[in-house]
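Engineer: the following comprises the amino acid sequence and a computationally predicted model.
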Amino acid sequence: MAKNPYRLSTDVEPLHYHISLTPDLAKFTFSGKETIIVRLNKAASKITLHCLDLKNLKAAIRTPKLAAAFPALRITFNKKMETATLDFGQILKAGRAELTLEWEGELNDKMHGFYRTSYLVNGEKRWGAATQFEATDARRAFPCWDEPATKATFSASLTVPDHMTALSNMPAEGETKAATPGWKTIQFQNTPIMSTYLLAFVVAELDSLESKDAHGIPVRVWTSPGKKEQARFALEQACHTLAYFADWFGIHYCFPKLDMVALPDFAAGAMENWGLITYRETAMLVDEKNSSEAARQRVAHVVDHELAHQWFGNYTTMEWWTDLWLNEGFASYMGPKATDHRFPAWQTWTQYIADDYLAALHEDSLKNTHPVEVPVKNPHEIREVFDAISYSKGSVVNRMVDHYLGEKHFRNGLNRYLTKFAFGNATTDDLWGSLEKESGKPIKAMMARYTRQPGYPVLLVEEKKSNGKSSLLVEQKRFLIDGSLDAQKLQWQIPVGHFTSRRKEPVYEFMKSRTHRLNVSLEDGEWLKLNPSQSGFYRVAYSPVLSERLAVAIRNGELPIVDRLGALDDAFALARAGYIKTSTALGILDAYHQETDYSVWTAIAGNFSSLDNLLSRERCLAKFRLHARDFFRTIAAQKGWEKKPSDGHVDVLLRGLALRNAGGYGDTQTINEAKSRFEHFCRTGVLEPNLRQAVYILIAENGGESEWDALLKIYRSTDLHEEKVRVLRATGSFQQREILTRLLDFSLSDQVRPQDTPIVLAGASTHPLGRELAWKFLKKNWKTFVERYHGGGIGLLSRTIGLTGGFNSAKDLADVQTFFRSHPVQGTERAIKKSTEYLRSNIRWLDRDRNDLKFFFSK
């Protein structure tokens, strides 16, 4: 394999960094000094390391042969490679050396590197500073070897105003008065060996709560002043999960403490910095009076995901970003284990199928997807793979292996893997090797095609009869969203499971070729379901006869929840791709009228939403919306508006979903009740938190200027970020051009944090007028969006581009392509290709099934 030119030479290796930083929160700058103990593996006169957006860099080196430190005679910067080369003008012999550097930098407003964040204290705006280094932004804070495999130990000191709290990965070991009056310097203990992207610093006025997990590890949560009680639930969750994972993996948490900080400005959901995890406020804070059950669930999920990283990613790290899934896929799979352990009534694994599993299927049906193991070279390419493939498909791969091996072998194999590569780096092959040694099964041979090639198969199942006996013939081909042929003719080794109305216990057969004859014979009228519990990563296309039998089984309540979920998602994906008519998928959906499960209803709502968008300019739209309204009326009436004593967590979630959709498709009774409750809320401040999102959206959809003013007042009067986000999501649902234009302008004002602007555009893009205006707004303000978000580690710019995937006309496609051709931005190529592929598939779907749908809704 050719050497990646973006990777640094291993001729010089860092062993230990001591970093000193002094942030100036008045000027939004910082100064830094560091001493790096390095090992020169061969003689050299120059040293190249990563360095980006740092100024006034000075460097010197001391070796055992030099009496004094020798300054670099020349320092050159390579902006493309994001490096600085220190030229010492003489040959430095192999061996240890001490490299010292000084620099200055900006506390930027881009939410990466070392950046500034604002918060309120008694109504006064104050400033703090925090870091976000993943994937390649440690180099923006200090010169370093900024690659996951180039590990070292770290010590650090922060010089800050006396009234501020300073945090880093390790506990503080000392505090001294700084030379500047009113300032202090806090020294932190040495870390274990770790990657640069996991280092972290936070400086701000903070309140805290503290506890310990079952193994005695101190856990603290930190918030802006006045909000610490909102972090209590996250503290309890962390104490549960930190101990749970230590026991599950059989490996103790190896840092002496765990801090978790809620930051008002944060681009991602959270970041797993070892010993100092940082979060968006909405991912860590729960207000007992005003937070919804959905918000509480999200906090639990995010906390558990980040704590899983303390082992997968931190303790054992991928060798290069090609194997990012070893971090994110495992955290996305292990996190739900911890959540389910503490909250079994939440039906976490059923929700996992509705969220992660289906998200992976949808994303991986694109031609412009990528393998789980994806070759990446530069920072722009690296940022683009923090997506549903690395997270969701990566987690599904783990689930397949877990199901295939059984939890005992899977668990022991992971312990072997983590132990062997502790404090080191590993590849996917290293993981397979550990699992194979533990289980004796050919994991690599089976799973390589799921991680090293893109996409997944659809199995076409047909019943064949001969001499009065039936058999089932299965053919595999790659599934693509638009139904086009796979030029690569990819193939998979598939553990095909099936169960029938007579034999409910799943039976598995191994499919190694393009076709396979299942060892099962069906009696007349007997139904068959492939992919039990959705344990495999594939779709199933049944013959019309088999499909009709399965629909009857669904209507009669004979299929488990997860299998109902899978059957429904398969049906509509097959319709979009042209394997079946959309009217056929709607016929299958008709079997779900008596459905009671929340996760299945999320899939139902998603499919109705896709059709609502597809038919947005068609004459049959009104009849479609009547059909959708009637579908949701029953479940909305069953759930009602008031919480019942018997309601569990998922019942509460289903109530909001049902009411929002019933009202959204025009049920006047639901809309009127939403208006009544909103008016009551505006007078009294009382509205059940679990209903607020649905009510706000219905108010916006059916409101005007007075409702806009009322929602804006709610936004401005609350300091709960969850409530602000609820309002931002809802206001995109207004149907007036003038209000939407005002909203979009508001999204770029200083009243909306930059991390939340994409939420506004996403909310507006849920209906045709809003999408049209959001797209025009994005084009008009493209330069601003690029300046704000380009280079961010979690792809806010790429996600904003995704709104174009909702269009469904050739005119829109031409406009989107023309704009992005004339406004190229490195690192957005994959996002643009994905979005235009969705757009094309919408056009193709509508062209193919327009008459079919027109006829269906004319009945």
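Structural biologist: Structure's in. What do you need? Since we're looking at a predicted model, the values are computed, not measured. Numbering: from 1, shown residues only.

Engineer: check whether residue 52 sits in a helix, strand or coil.
Structural biologist: Classification of residue 52 by DSSP: H, G, I helix; E, B strand; the rest coil places it in coil.

Engineer: where exactly do the helices run in the stretch 201-350 of the chain?
Structural biologist: With DSSP state H, counting those that start in this stretch as the criterion, the stretch 201-350 of the chain has helices at 232-249, 293-309, 325-342, 348-352.

Engineer: mind checking which of those helices is nearest residue 503?
Structural biologist: Minimum separation from residue 503 across the helices of the stretch 201-350 of the chain (CB to CB) falls at helix 348-352, 23.3 Å. (C-beta placed from N, C-alpha, C; glycine too.)

Engineer: does anything pack onto the closest one? Which helices or strands?
Structural biologist: The contact analysis (3 or more CB pairs under 8 Å, 6 or more residues apart in numbering; DSSP states H and E) places helix 348-352 against helix 325-342, helix 561-577, helix 598-614.

Engineer: from residue 399, how far off is residue 438?
Structural biologist: Separation of residue 438 from residue 399 (CB to CB, to the nearest Å): 17 Å.

Engineer: can you check residue 418 too?
Structural biologist: In terms of CB to CB, residue 418 sits 18 Å off from residue 399.

Engineer: go on, residue 309?
Structural biologist: According to CB to CB, residue 309 stands 18 Å off from residue 399.

Engineer: where's residue 662, which helix or strand?
Structural biologist: Following DSSP states H and E, one finds residue 662 within helix 649-664.

Engineer: which parts of that helix count as buried, going by neighbours?
Structural biologist: 649-650, 652-664 (16 or more other CB atoms under 10 Å).

Engineer: what is the orientation angle of the helix or strand harbouring residue 638 with helix 649-664?
Structural biologist: Residue 638 belongs to helix 621-639 when assigned by DSSP H and E. Between helix 621-639 and helix 649-664, the angle comes out at 150 degrees (axes from the mean of the first three to the mean of the last three CA atoms, to 10 degrees).

Engineer: could you list every helix and strand in contact with the lengthiest helix in the chain?
Structural biologist: Selection of the longest helix in the chain by residue count, based on DSSP state H, yields helix 829-856. Where contact means 3+ CB pairs under 8 Å, 6+ apart, helix 829-856 is packed against helix 379-384, helix 561-577, helix 582-589, helix 598-614, helix 796-801, helix 810-822.

Engineer: now do the third one, average pLDDT.
Structural biologist: What that stands for is helix 582-589. Averaged across helix 582-589, the pLDDT comes to 97.

Engineer: in the longest helix of the chain, what counts as buried?
Structural biologist: For helix 829-856, the buried set under the neighbour-count rule, 16+ other CB under 10 Å, comprises 829-832, 834-846, 848-850, 853-854, 856.

Engineer: and that helix, average pLDDT?
Structural biologist: 96.

Engineer: angle of that helix against helix 598-614?
Structural biologist: Computed by the same axes, to 10 degrees, the angle between helix 829-856 and helix 598-614 is 90 degrees.

Engineer: what number of residues lie near residue 543?
Structural biologist: 15 (other CB atoms under 10 Å).
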